[in-house]
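Participant: Just the structure for this:
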Amino acid sequence: MPRMCAICGKTYSRTIKRSHSMRPSIVRLLPNLQWFKSGGKRVKACTRCMKTEAKAK
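Facilitator: Numbering: from 1, shown residues only. Got it, this is the predicted structure:
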């Protein structure tokens, strides 16, 4: 199962981290996924989606 939000489809993003000597290294930034009940099913959702679903209720 990929690290992906089941509601919005958000996945990782890439960025370049630079050390003190300015050497680049590629870093993966992962979304903040949590287990969440959506429509009676237990899915992994990002916290942004969890917040908007709580507002809609």
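Participant: Name the surrounding residues that touch the helix or strand hosting Arg42.
Facilitator: Here Arg42, judged by DSSP states H and E, is contained in strand 41-46. Contact with strand 41-46 is made by 1, 4-8, 10, 31-38, 53, as judged by CB atoms under 8 Å, 6 or more residues apart in numbering. C-beta here means a position set from N, CA and C on the backbone, and glycine is covered the same way.
Participant: Run through the bridge partners of the residue nearest to Cys5 when sequence neighbours are not counted.
Facilitator: Nearest non-adjacent residue to Cys5, counting by CB to CB, 6 or more residues apart in numbering: Cys46, 4.2 Å away. In this structure, Cys46 bridges to Leu33 when assessed by DSSP bridges.
Participant: what about Cys46, neighbour count?
Facilitator: A total of 22 residues lie near Cys46 under the criterion other CB atoms under 10 Å.
Participant: i'd like the first residue to be 490 from this point on
Facilitator: Yes, from this point I'll number from 490; that puts the last item at Cys535.
Participant: Can you give me the distance of it to Pro520?
Facilitator: Shown here: Cys535 relative to Pro520, a distance of 5 Å by CB to CB, to the nearest Å.
Participant: Also Met539?
Facilitator: 12 Å.
Participant: CA atoms only for the strand holding Arg531 - export them in PDB, please.
Facilitator: Extracted as PDB, the C-alpha positions of strand 530-535 are listed here (Å, rounded to 0.1, in the frame of the first residue of the first chain):
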ATOM      1  CA  LYS A 530     -14.500   2.200   6.300                       C
ATOM      2  CA  ARG A 531     -11.200   2.500   8.000                       C
ATOM      3  CA  VAL A 532      -8.700   4.300   5.700                       C
ATOM      4  CA  LYS A 533      -5.500   6.200   5.800                       C
ATOM      5  CA  ALA A 534      -6.200   9.900   5.400                       C
ATOM      6  CA  CYS A 535      -4.100  13.100   5.700                       C
END
